[in-house]
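1. Predicted model, plus sequence, below.
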Amino acid sequence: MSDTLTIIRPDDWHIHLRDGDALATTVPHAAQTFGRAIIMPNLVPPVMDAEQAMAYKDRIMAQNPAGSGFEPLMVLYLTDNTTPETIAAAKQAGVVACKLYPAGATTNSDSGVTDINKVYPALAAMEEHGMLFLLHGEVTDTAIDIFDREKEFIDRTLVQLAKDFPNLKMVLEHITTKDAAEFVAEAGDNMAATITAHHLLYNRNHMLAGGIRPHYYCLPILKRNTHQEALIKAAISGSPKFFLGTDSAPHAKNKKESACGCAGAYTAYHALELYTEVFEDAGALDKLENFASVFGPEYYGLPRNTDTITLVKEDWQLPQALTLAGEDLVPLRAGETIRWRVKR
Ligand SMILES: NC(=O)N[C@@H](CC(=O)O)C(=O)O
Ligand SMILES: [Zn+2]
Ligand SMILES: [Zn+2]
(Lines give C-alpha, C1' and ligand atoms only; values in the text may rest on other atoms or scores of the structure.)
(Ligands and ions follow the chains in the order given, each with its own letter.)
Protein backbone atom coordinates (compact mmCIF):
# COMPACT_ATOMS: atom_id res chain seq x y z
CA MET A 1 0.00 0.00 0.00
CA SER A 2 1.28 3.44 -0.85
CA ASP A 3 2.06 6.06 1.76
CA THR A 4 -0.60 8.69 2.26
CA LEU A 5 -0.72 11.90 4.23
CA THR A 6 -3.96 13.65 5.18
CA ILE A 7 -3.86 17.23 6.42
CA ILE A 8 -6.30 20.09 6.97
CA ARG A 9 -6.86 21.81 3.60
CA PRO A 10 -4.05 24.34 3.16
CA ASP A 11 -4.25 27.99 2.09
CA ASP A 12 -1.88 29.94 -0.11
CA TRP A 13 -0.91 33.20 1.60
CA HIS A 14 0.72 34.72 -1.52
CA ILE A 15 -0.35 34.06 -5.11
CA HIS A 16 -0.51 35.90 -8.44
CA LEU A 17 -3.60 34.91 -10.43
CA ARG A 18 -3.23 37.72 -13.05
CA ASP A 19 -6.39 38.82 -14.89
CA GLY A 20 -8.46 38.33 -18.04
CA ASP A 21 -8.07 34.99 -19.85
CA ALA A 22 -5.24 33.94 -17.49
CA LEU A 23 -7.81 33.43 -14.73
CA ALA A 24 -9.23 30.40 -16.56
CA THR A 25 -5.90 28.66 -15.84
CA THR A 26 -4.76 30.13 -12.55
CA VAL A 27 -7.99 30.02 -10.55
CA PRO A 28 -8.80 26.31 -11.12
CA HIS A 29 -5.17 25.42 -10.35
CA ALA A 30 -5.22 27.26 -7.03
CA ALA A 31 -8.74 26.05 -6.18
CA GLN A 32 -7.91 22.37 -6.69
CA THR A 33 -5.64 22.43 -3.63
CA PHE A 34 -6.10 25.56 -1.55
CA GLY A 35 -9.09 26.66 0.51
CA ARG A 36 -8.20 30.34 0.43
CA ALA A 37 -5.53 32.46 -1.18
CA ILE A 38 -4.12 35.93 -0.66
CA ILE A 39 -4.46 37.50 -4.09
CA MET A 40 -1.59 39.75 -5.09
CA PRO A 41 -2.76 43.10 -6.51
CA ASN A 42 0.07 43.83 -9.00
CA LEU A 43 -2.17 43.98 -12.06
CA VAL A 44 -1.79 46.63 -14.76
CA PRO A 45 -3.22 48.98 -13.56
CA PRO A 46 -2.91 47.76 -9.95
CA VAL A 47 -5.75 47.06 -7.51
CA MET A 48 -5.77 50.33 -5.59
CA ASP A 49 -9.14 50.65 -3.89
CA ALA A 50 -12.12 48.71 -2.56
CA GLU A 51 -14.10 49.00 -5.77
CA GLN A 52 -11.26 47.62 -7.91
CA ALA A 53 -10.62 44.84 -5.39
CA MET A 54 -14.27 43.73 -5.39
CA ALA A 55 -14.49 43.87 -9.19
CA TYR A 56 -11.32 41.74 -9.40
CA LYS A 57 -12.75 39.31 -6.88
CA ASP A 58 -15.85 38.94 -9.09
CA ARG A 59 -13.67 38.16 -12.12
CA ILE A 60 -11.83 35.51 -10.08
CA MET A 61 -15.07 33.98 -8.78
CA ALA A 62 -16.39 33.74 -12.36
CA GLN A 63 -13.58 31.20 -13.03
CA ASN A 64 -13.95 29.36 -9.73
CA PRO A 65 -14.95 25.73 -10.44
CA ALA A 66 -18.42 24.92 -9.07
CA GLY A 67 -18.28 23.47 -5.58
CA SER A 68 -14.56 24.15 -5.06
CA GLY A 69 -15.16 26.25 -1.96
CA PHE A 70 -12.12 28.34 -2.91
CA GLU A 71 -12.15 31.83 -1.44
CA PRO A 72 -9.93 34.65 -2.74
CA LEU A 73 -8.78 37.08 -0.03
CA MET A 74 -8.29 40.51 -1.55
CA VAL A 75 -5.36 42.87 -1.11
CA LEU A 76 -4.78 46.54 -2.00
CA TYR A 77 -1.63 47.80 -3.72
CA LEU A 78 -0.18 50.73 -1.79
CA THR A 79 0.92 53.80 -3.71
CA ASP A 80 2.37 57.12 -2.56
CA ASN A 81 -1.21 58.42 -2.69
CA THR A 82 -3.16 55.77 -0.77
CA THR A 83 -5.26 57.67 1.78
CA PRO A 84 -6.58 56.62 5.20
CA GLU A 85 -10.09 56.94 3.70
CA THR A 86 -9.18 54.41 1.00
CA ILE A 87 -7.97 52.04 3.72
CA ALA A 88 -11.15 52.46 5.79
CA ALA A 89 -13.36 51.80 2.76
CA ALA A 90 -11.30 48.73 1.82
CA LYS A 91 -11.64 47.29 5.33
CA GLN A 92 -15.38 47.87 5.15
CA ALA A 93 -15.54 45.99 1.82
CA GLY A 94 -13.70 42.96 3.24
CA VAL A 95 -10.18 43.60 1.92
CA VAL A 96 -7.82 41.88 4.38
CA ALA A 97 -4.42 43.42 3.66
CA CYS A 98 -2.35 45.98 1.77
CA LYS A 99 0.86 45.26 -0.09
CA LEU A 100 4.05 47.28 -0.29
CA TYR A 101 5.89 47.13 -3.58
CA PRO A 102 8.88 49.43 -3.42
CA ALA A 103 8.70 51.21 -6.81
CA GLY A 104 10.76 49.29 -9.33
CA ALA A 105 11.46 46.28 -7.09
CA THR A 106 9.62 43.60 -9.08
CA THR A 107 7.02 42.74 -11.74
CA ASN A 108 4.43 45.55 -12.15
CA SER A 109 5.80 47.66 -9.31
CA ASP A 110 6.07 50.92 -11.29
CA SER A 111 3.16 52.45 -9.35
CA GLY A 112 4.65 51.28 -6.06
CA VAL A 113 5.90 53.29 -3.13
CA THR A 114 8.83 55.65 -3.77
CA ASP A 115 9.46 56.54 -0.11
CA ILE A 116 8.18 54.55 2.87
CA ASN A 117 7.35 57.76 4.75
CA LYS A 118 4.71 58.55 2.17
CA VAL A 119 2.61 55.57 3.28
CA TYR A 120 2.85 56.23 7.02
CA PRO A 121 -0.70 57.70 7.15
CA ALA A 122 -2.03 54.64 5.31
CA LEU A 123 -0.11 52.29 7.62
CA ALA A 124 -1.53 54.08 10.67
CA ALA A 125 -5.02 53.57 9.25
CA MET A 126 -4.30 49.87 8.62
CA GLU A 127 -3.08 49.48 12.18
CA GLU A 128 -6.26 51.15 13.45
CA HIS A 129 -8.56 48.97 11.31
CA GLY A 130 -6.73 45.69 11.90
CA MET A 131 -5.56 45.12 8.34
CA LEU A 132 -2.37 43.22 7.58
CA PHE A 133 0.67 44.78 5.93
CA LEU A 134 2.39 42.56 3.35
CA LEU A 135 5.84 43.51 2.11
CA HIS A 136 7.98 42.79 -0.90
CA GLY A 137 11.12 43.35 1.14
CA GLU A 138 13.86 44.49 -1.20
CA VAL A 139 15.57 47.84 -1.59
CA THR A 140 15.64 49.25 -5.12
CA ASP A 141 18.91 51.16 -4.72
CA THR A 142 20.90 50.19 -7.82
CA ALA A 143 24.13 50.55 -5.86
CA ILE A 144 23.09 47.52 -3.78
CA ASP A 145 23.89 44.09 -5.19
CA ILE A 146 20.77 42.11 -6.14
CA PHE A 147 21.76 39.32 -3.73
CA ASP A 148 21.88 41.79 -0.82
CA ARG A 149 18.66 43.68 -1.43
CA GLU A 150 16.52 41.73 1.02
CA LYS A 151 18.92 42.08 3.94
CA GLU A 152 19.39 45.74 3.14
CA PHE A 153 15.61 46.29 3.21
CA ILE A 154 15.41 44.72 6.66
CA ASP A 155 18.22 46.91 8.00
CA ARG A 156 17.13 50.16 6.35
CA THR A 157 13.35 49.92 6.53
CA LEU A 158 11.79 46.94 8.28
CA VAL A 159 13.46 47.32 11.67
CA GLN A 160 12.10 50.86 11.86
CA LEU A 161 8.63 49.92 10.58
CA ALA A 162 8.29 47.24 13.25
CA LYS A 163 9.14 49.84 15.92
CA ASP A 164 6.85 52.52 14.50
CA PHE A 165 3.81 50.23 14.11
CA PRO A 166 3.92 47.72 16.96
CA ASN A 167 0.25 46.79 16.47
CA LEU A 168 0.34 46.41 12.69
CA LYS A 169 0.64 42.76 11.66
CA MET A 170 3.28 42.47 8.96
CA VAL A 171 4.21 39.63 6.65
CA LEU A 172 7.63 39.72 5.03
CA GLU A 173 6.72 37.91 1.83
CA HIS A 174 8.71 35.20 0.06
CA ILE A 175 11.80 35.35 2.29
CA THR A 176 15.02 34.17 0.69
CA THR A 177 17.83 34.67 3.21
CA LYS A 178 19.12 33.42 6.53
CA ASP A 179 19.07 37.07 7.60
CA ALA A 180 15.33 37.35 6.95
CA ALA A 181 14.58 34.03 8.67
CA GLU A 182 16.54 35.10 11.75
CA PHE A 183 15.07 38.59 11.80
CA VAL A 184 11.49 37.27 11.66
CA ALA A 185 12.14 34.55 14.25
CA GLU A 186 13.50 37.11 16.72
CA ALA A 187 11.03 39.91 15.97
CA GLY A 188 7.86 40.60 17.95
CA ASP A 189 4.45 39.01 17.48
CA ASN A 190 3.59 41.46 14.68
CA MET A 191 6.12 39.94 12.26
CA ALA A 192 5.72 36.75 10.19
CA ALA A 193 6.94 35.48 6.83
CA THR A 194 5.82 33.38 3.90
CA ILE A 195 8.21 30.93 2.24
CA THR A 196 7.84 29.65 -1.34
CA ALA A 197 8.37 26.07 -2.48
CA HIS A 198 11.02 27.19 -4.96
CA HIS A 199 13.17 28.95 -2.38
CA LEU A 200 13.03 25.77 -0.27
CA LEU A 201 13.90 23.48 -3.20
CA TYR A 202 16.51 25.50 -5.02
CA ASN A 203 19.47 27.85 -4.72
CA ARG A 204 21.27 30.02 -7.25
CA ASN A 205 23.34 27.11 -8.56
CA HIS A 206 20.17 25.60 -9.98
CA MET A 207 19.60 28.82 -11.92
CA LEU A 208 23.16 29.53 -13.04
CA ALA A 209 25.46 26.49 -12.94
CA GLY A 210 25.88 24.70 -16.28
CA GLY A 211 23.73 27.20 -18.19
CA ILE A 212 21.32 30.00 -17.39
CA ARG A 213 17.84 28.65 -16.63
CA PRO A 214 15.24 31.39 -16.84
CA HIS A 215 12.45 29.36 -15.25
CA TYR A 216 14.33 29.55 -11.94
CA TYR A 217 14.51 33.33 -12.16
CA CYS A 218 12.20 35.01 -9.69
CA LEU A 219 12.36 37.86 -7.22
CA PRO A 220 13.73 38.01 -4.66
CA ILE A 221 16.37 36.05 -6.58
CA LEU A 222 17.48 32.57 -5.44
CA LYS A 223 20.40 32.89 -3.03
CA ARG A 224 23.30 30.62 -2.09
CA ASN A 225 22.69 27.18 -0.59
CA THR A 226 23.39 28.28 3.00
CA HIS A 227 20.36 30.58 2.73
CA GLN A 228 18.27 27.76 1.29
CA GLU A 229 19.24 25.62 4.28
CA ALA A 230 18.21 28.40 6.69
CA LEU A 231 14.81 28.67 4.99
CA ILE A 232 14.22 24.92 5.29
CA LYS A 233 15.18 25.14 8.95
CA ALA A 234 12.66 27.96 9.48
CA ALA A 235 9.89 26.15 7.60
CA ILE A 236 10.24 22.95 9.64
CA SER A 237 11.01 24.75 12.92
CA GLY A 238 7.43 24.63 14.17
CA SER A 239 7.47 28.39 14.67
CA PRO A 240 4.05 29.86 13.85
CA LYS A 241 5.79 32.85 12.23
CA PHE A 242 6.55 30.91 9.05
CA PHE A 243 3.83 29.69 6.71
CA LEU A 244 3.05 28.73 3.14
CA GLY A 245 2.93 31.31 0.35
CA THR A 246 3.68 29.94 -3.10
CA ASP A 247 4.31 33.24 -4.90
CA SER A 248 3.13 31.33 -7.96
CA ALA A 249 3.69 33.99 -10.63
CA PRO A 250 2.86 32.99 -14.22
CA HIS A 251 4.58 34.52 -17.23
CA ALA A 252 4.14 33.06 -20.73
CA LYS A 253 7.03 30.92 -21.97
CA ASN A 254 8.22 33.54 -24.48
CA LYS A 255 8.38 36.16 -21.72
CA LYS A 256 10.59 33.90 -19.60
CA GLU A 257 12.82 32.52 -22.39
CA SER A 258 13.95 35.92 -23.57
CA ALA A 259 16.99 38.21 -23.64
CA CYS A 260 15.29 40.08 -20.78
CA GLY A 261 13.22 37.44 -19.05
CA CYS A 262 10.42 38.14 -16.56
CA ALA A 263 10.76 37.24 -12.89
CA GLY A 264 8.40 34.60 -11.52
CA ALA A 265 7.94 30.84 -11.16
CA TYR A 266 4.65 29.07 -11.80
CA THR A 267 3.79 26.55 -9.09
CA ALA A 268 0.05 26.87 -8.41
CA TYR A 269 -0.54 23.58 -10.27
CA HIS A 270 1.76 21.46 -8.06
CA ALA A 271 2.87 23.59 -5.13
CA LEU A 272 1.65 21.44 -2.25
CA GLU A 273 3.35 18.40 -3.78
CA LEU A 274 6.63 20.36 -4.00
CA TYR A 275 6.42 21.51 -0.38
CA THR A 276 5.70 17.93 0.66
CA GLU A 277 8.93 16.75 -0.98
CA VAL A 278 10.88 19.41 0.94
CA PHE A 279 9.37 18.40 4.27
CA GLU A 280 9.89 14.70 3.52
CA ASP A 281 13.55 15.22 2.58
CA ALA A 282 14.03 17.17 5.81
CA GLY A 283 12.48 14.33 7.82
CA ALA A 284 9.70 16.67 8.92
CA LEU A 285 6.49 15.50 7.26
CA ASP A 286 4.81 15.88 10.64
CA LYS A 287 5.48 19.65 10.44
CA LEU A 288 3.80 20.16 7.06
CA GLU A 289 0.24 20.57 8.30
CA ASN A 290 1.00 23.45 10.65
CA PHE A 291 3.09 25.23 8.02
CA ALA A 292 0.56 24.75 5.23
CA SER A 293 -2.80 24.84 7.00
CA VAL A 294 -2.61 26.17 10.57
CA PHE A 295 -0.08 28.97 11.09
CA GLY A 296 -1.38 31.11 8.20
CA PRO A 297 -5.01 31.36 9.35
CA GLU A 298 -3.81 31.78 12.93
CA TYR A 299 -1.72 34.84 12.02
CA TYR A 300 -4.47 36.31 9.83
CA GLY A 301 -7.04 35.76 12.60
CA LEU A 302 -9.16 33.41 10.48
CA PRO A 303 -10.51 29.94 11.21
CA ARG A 304 -8.78 26.88 9.80
CA ASN A 305 -10.38 25.18 6.83
CA THR A 306 -12.81 22.49 7.95
CA ASP A 307 -12.06 19.93 5.22
CA THR A 308 -8.92 17.88 4.55
CA ILE A 309 -6.71 16.99 1.62
CA THR A 310 -4.86 13.72 1.06
CA LEU A 311 -1.46 13.33 -0.55
CA VAL A 312 -0.39 9.98 -1.98
CA LYS A 313 3.28 9.05 -2.41
CA GLU A 314 3.25 8.23 -6.09
CA ASP A 315 5.52 9.35 -8.94
CA TRP A 316 3.96 11.41 -11.72
CA GLN A 317 5.33 13.56 -14.48
CA LEU A 318 4.70 17.27 -14.65
CA PRO A 319 3.76 18.40 -18.20
CA GLN A 320 6.36 20.33 -20.26
CA ALA A 321 3.88 23.16 -20.62
CA LEU A 322 0.47 24.31 -19.46
CA THR A 323 -1.61 26.97 -21.23
CA LEU A 324 -2.04 30.57 -20.11
CA ALA A 325 -4.34 32.80 -22.15
CA GLY A 326 -3.54 30.88 -25.34
CA GLU A 327 0.22 30.81 -24.74
CA ASP A 328 2.55 28.17 -23.37
CA LEU A 329 3.21 28.39 -19.65
CA VAL A 330 6.19 26.43 -18.35
CA PRO A 331 5.65 25.34 -14.75
CA LEU A 332 8.59 25.13 -12.38
CA ARG A 333 10.26 21.72 -12.85
CA ALA A 334 8.45 21.10 -16.17
CA GLY A 335 8.71 17.57 -17.53
CA GLU A 336 10.25 16.24 -14.33
CA THR A 337 8.99 13.69 -11.84
CA ILE A 338 7.08 14.74 -8.72
CA ARG A 339 7.02 12.26 -5.83
CA TRP A 340 3.69 13.15 -4.23
CA ARG A 341 0.28 13.64 -5.73
CA VAL A 342 -2.82 15.26 -4.27
CA LYS A 343 -5.69 12.79 -4.35
CA ARG A 344 -8.65 14.28 -6.24
N1 LIG B 1 8.09 36.86 -7.54
C2 LIG B 1 8.32 37.21 -8.78
O3 LIG B 1 9.41 36.93 -9.29
N4 LIG B 1 7.38 37.85 -9.53
C5 LIG B 1 6.11 38.33 -9.09
C6 LIG B 1 6.18 39.60 -8.30
C7 LIG B 1 6.67 39.41 -6.88
O8 LIG B 1 6.09 38.66 -6.10
O9 LIG B 1 7.66 40.05 -6.49
C10 LIG B 1 5.23 38.56 -10.34
O11 LIG B 1 4.18 39.20 -10.22
O12 LIG B 1 5.58 38.08 -11.43
ZN1 LIG C 1 7.32 40.11 -4.43
ZN1 LIG D 1 4.68 37.60 -5.46
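-> Now that the structure is in, tell me what you want to look at. Please read all numbers here as calculations on a predicted model, not as lab measurements. Residues are numbered from 1 along each chain as shown. Ligands and ions are numbered 1, 2, ... in the order given.

2. for the stretch 1-150 of the chain, what spans make up the strands?
-> 4-8, 12-15, 36-39, 71-77, 97-100, 132-135 (DSSP state E, counting those that start in this stretch).

3. Could you say which of those is packed most deeply?
-> Most buried of these, by mean neighbour count (mean count of other CB atoms under 10 Å): strand 12-15, with a mean of 28. In this view, the C-beta of every residue, glycine as well, is placed from N, C-alpha and C.

4. Make JSON lines out of the strands of the stretch 1-150 of the chain and add distance to residue 255 and mean pLDDT.
-> Formatted as JSON lines, these follow (distance: least, CB to CB, whole Å; pLDDT from 0 to 100):
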{"stretch": "strand 4-8", "distance to residue 255": "34", "mean pLDDT": "98"}
{"stretch": "strand 12-15", "distance to residue 255": "18", "mean pLDDT": "99"}
{"stretch": "strand 36-39", "distance to residue 255": "21", "mean pLDDT": "99"}
{"stretch": "strand 71-77", "distance to residue 255": "21", "mean pLDDT": "98"}
{"stretch": "strand 97-100", "distance to residue 255": "22", "mean pLDDT": "98"}
{"stretch": "strand 132-135", "distance to residue 255": "24", "mean pLDDT": "98"}
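
5. And the ones you listed: which comes nearest residue 202?
-> Relative to residue 202, the nearest member of those by CB to CB is strand 12-15, separated by 17.3 Å.

6. packing partners for that closest one?
-> helix 23-31, strand 36-39, strand 242-244 (3 or more CB pairs under 8 Å, 6 or more residues apart in numbering; DSSP states H and E).

7. How about residues contacting that strand?
-> Contacts to strand 12-15, defined as CB atoms under 8 Å, 6 or more residues apart in numbering, come from residues 26, 30, 33-34, 36-40, 134, 171, 173-174, 194, 196, 243-248, 268, 271, 296, 300.

8. Put the buried members of these into a ChimeraX selection.
-> Of the contacts of strand 12-15, the buried ones go into a single ChimeraX selection, burial set by 16 or more other CB atoms under 10 Å:
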select :26,30,33,34,36,37,38,39,40,134,171,173,174,194,196,243,244,245,246,247,248,268,271,296,300
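
9. For ligand 1, tell me which of the contacts of strand 12-15 show up nearby.
-> The subset of the contacts of strand 12-15 within reach of ligand 1, by CB under 6 Å from any ligand atom, is residue 247.
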